[in-house]
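Student: whatever this is, show me its structure:
(one chain, ligands or ions: 2)
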Amino acid sequence: MSGPLAIEAVLSPADLKTLLAALRTAASHPATVIDPTPGGVVMAQVRRTQRLELDAATEALIRARLEAQRPRLEAHFGQRLGPLETPQALRYGPGDYFVAHQDGNTPLVHDRSRHRRVSISLLISAPDDYAGGDLVFHDGAERRTAVIPAGCAVAFRAETTHEVTPLATGERFSLAAWWMAP
Ligand SMILES: O=C(O)CCC(=O)C(=O)O
Ligand SMILES: [Fe+2]
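Tutor: Numbers count the residues shown, from 1 in each chain. Ligands and ions are numbered 1, 2, ... in the order given. All right, here's what the predicted structure looks like:
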């Protein structure tokens with residue numbers, strides 16, 4: 001089974017500038033769990049972060065950069081991947097977090113998430129912009145913290161247990177996205 005894959009320079013410095021400017025001024029609402037479509041529920045005891053609304057041009061840029069990674073992901077995870085789910089732009093402020101969870105590919109959870117195969121977390125903020133807010137992978141009792149420079153990403157099987165630890169200070173912008181089964 002393939003473990004998480006760190007990917008460098010998914011975004012160029014120019015992309016980062018464009019995206020930061022867009023995300024800093026974007027409208028936001030509390031992110032939901034279970035199903036990201038209308039009908040998803042806010043459960044602050046599970047996930048406390050703001051989901052940012054993306055304009056069409058910003059979403060297109062994000063999709064293009066993510067899709068450029070598709071061949072590499074298919075090779076690493078040894079499977080053909082289907083459509084990319086709508087990317088989620090997230091802003092974590094102090095006290096925000098996402099408890100340990102799986103994003104999908106858990107067939108007993110009978111919503112759309114069971115079709116997710118590969119997750120990606122793409123960091124817009126630099127590690128120095130915030131404290132806490134670590135992306136941590138759980139493997140049994142083992143914990144592995146991903147150190148992700150700005151513009152870089154980590155991709156992982158959707159069923160991998162992971163969390164975002166509470167942000168202590170600063171502001172953390174990230175993008176979460178998923179490739180579905182073909
Ligand atoms: O913000 C991140 O780095 C990851 C967020 C996450 O795990 C999710 O939205 O499912
Ligand atoms: Fe997640």
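Student: okay, and for this structure, where does confidence drop off?
Tutor: 34-39 (pLDDT under 70).
Student: in the chain, which spans are strands?
Tutor: For the chain, the strands defined by DSSP state E cover 5-7, 28-30, 47-48, 50-52, 88-92, 97-101, 116-123, 130-132, 135-139, 142-146, 153-157, 162-164, 167-170, 172-180.
Student: show me the contacts for the residue of the chain most remote from its centre.
Tutor: Most distant from the centre of the chain: residue 141, at 22.8 Å, with distances by Cα atoms, centre = their mean. Applying Cβ atoms under 8 Å, 6 or more residues apart in numbering to residue 141 gives no contacts. In this view, the C-beta of every residue, glycine as well, is placed from N, C-alpha and C.
Student: excluding its backbone neighbours, what's nearest residue 107?
Tutor: Nearest residue to residue 107, sequence neighbours excluded (Cβ to Cβ, 6 or more residues apart in numbering): residue 114, at 5.0 Å.
Student: around ligand 1, which positions in the chain sit nearby?
Tutor: 90, 98, 103, 121, 135, 162, 164, 174, 176 (Cβ under 6 Å from any ligand atom).
Student: right, and the fifth one touches residue 119 too?
Tutor: No. The pair residue 135 / residue 119 is not scored as a contact, 10.6 Å apart, by Cβ atoms under 8 Å.
Student: give me the beta-bridge partners of the nearest residue to residue 154 once chain neighbours are set aside?
Tutor: Nearest non-adjacent residue to residue 154, counting by Cβ to Cβ, 6+ apart: residue 146, 4.8 Å away. Under DSSP bridges, the beta-bridge partners of residue 146 are residue 135.
Student: ok, back up a step: mind putting the strands of the chain into JSON lines with mean neighbour count and distance to residue 61?
Tutor: Output for these, formatted as JSON lines (neighbours: other Cβ atoms under 10 Å; distance: least, Cβ to Cβ, whole Å):
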{"stretch": "strand 5-7", "mean neighbour count": "16", "distance to residue 61": "17"}
{"stretch": "strand 28-30", "mean neighbour count": "12", "distance to residue 61": "19"}
{"stretch": "strand 47-48", "mean neighbour count": "21", "distance to residue 61": "25"}
{"stretch": "strand 50-52", "mean neighbour count": "20", "distance to residue 61": "14"}
{"stretch": "strand 88-92", "mean neighbour count": "22", "distance to residue 61": "11"}
{"stretch": "strand 97-101", "mean neighbour count": "17", "distance to residue 61": "24"}
{"stretch": "strand 116-123", "mean neighbour count": "24", "distance to residue 61": "12"}
{"stretch": "strand 130-132", "mean neighbour count": "17", "distance to residue 61": "23"}
{"stretch": "strand 135-139", "mean neighbour count": "16", "distance to residue 61": "22"}
{"stretch": "strand 142-146", "mean neighbour count": "12", "distance to residue 61": "23"}
{"stretch": "strand 153-157", "mean neighbour count": "22", "distance to residue 61": "15"}
{"stretch": "strand 162-164", "mean neighbour count": "21", "distance to residue 61": "23"}
{"stretch": "strand 167-170", "mean neighbour count": "15", "distance to residue 61": "24"}
{"stretch": "strand 172-180", "mean neighbour count": "23", "distance to residue 61": "11"}
